[in-house]
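# Provided below are the primary sequence and the corresponding predicted coordinates.
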Amino acid sequence: MFSPAEIQVISQAVEIAEDVTANHFKISTDQWKHVRYDIRTLAELSPDEIADYAFAQITRYSGKPYLSRQRHYDYFKICLQDQNIMAAVERDERVKLLPLCVYVVTHELIHIVRFCKFLQSFDAEPPERQREEMRVHEITQKVLGSLKLPHLDYVLQVYRDYQFMEQLKDHSAPANA
């Protein structure tokens, strides 16, 4: 699990990722408030939110406002996989935690924005998911390509051909369905 110092780095990465993603999609602060998501680390994940080989897993939940006639809404959770992220940092001393997490979180936020804007279905079949993964990977490289952050250029280079940053899991249906 991430240490308290690493959690501070993750918080900084999230702030940067939210900013560059909102700028890329031209999302105002008001609009950003309507994108329902949360970001959690390994300490806060349930067993089915843990992935063995991905840096992150996006889970989708369905919610309905309490005592309201409003319709159901999707809520996304980015489940950071501490163990896999730290393994990448430990494997290559030139991969630093901050730029790697900026990359991972930006990538996941791009997916979520695309789901929320109906540019991509969360429930796509595997071939379409793979195509979407490559589109999001290209967008992530473009969005972060001009960001001035130490060691980010190395992360972009190392993960240029990286195909799968996350897994997608749908928790919106009832458990016994």
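Okay, I see it. It should be emphasised that the depicted structure is a prediction, and the values quoted were computed from it without experimental measurement.

# Enumerate the beta-bridge partners assigned to Asp38.
Asp38 has the following beta-bridge partners by DSSP bridges: Lys77.

# can I assume it is in contact with Ile78?
Yes. Using Cβ atoms under 8 Å, Asp38 makes contact with Ile78 at a distance of 7.2 Å. Heads up, the C-betas are built off the backbone N, CA and C, glycines and all.

# more crowded one of these two?
Ile78 (23 against 12; other Cβ atoms under 10 Å).

# what do Asp38 and Ile78 both touch?
Both Asp38 and Ile78 lack any common contact, where contact means Cβ atoms under 8 Å, 6 or more residues apart in numbering.

# Pretty sure Thr106 sits against Gln141.
No. Thr106 lies out of contact with Gln141 (Cβ under 8 Å); the separation is 9.9 Å.

# What is the neighbour count of Phe25?
Phe25 is flanked by 19 other residues according to other Cβ under 10 Å.

# show me what contacts it?
Contacts were defined as Cβ under 8 Å, 6+ apart; by that measure Phe25 touches 113, 117.

# let's see 6 Å
Contacts here follow Cβ atoms under 6 Å, 6 or more residues apart in numbering; on that basis Phe25 touches Val113.

# Just give me the residue right at the centre of this structure.
When Cα atoms, centre = their mean is applied to the chain, the residue found nearest the centroid is Glu108 (2.2 Å).

# so who does the closest residue to it other than its chain neighbours touch?
Excluding the flanking residues, the one nearest Glu108 by Cβ to Cβ, 6 or more residues apart in numbering is Ile78, at 4.6 Å. Shown in contact with Ile78 (Cβ under 6 Å, 6+ apart): 39, 56, 58, 108.

# how about those residues, which pair is most distant?
Farthest apart among these by Cβ to Cβ are Ile39 and Ile58. That separation is 10.3 Å.

# Pick out whichever of those two has more residues nearby.
For Ile39 and Ile58, the more surrounded residue by other Cβ under 10 Å is Ile58, and the numbers stand at 24 against 20.

# that's a strand at the more buried one, yeah?
Yes. Under DSSP: H, G, I helix; E, B strand; the rest coil, Ile58 sits within a strand.

# distance of it from Val9?
Ile58 sits 21 Å away from Val9, going by Cβ to Cβ, to the nearest Å.
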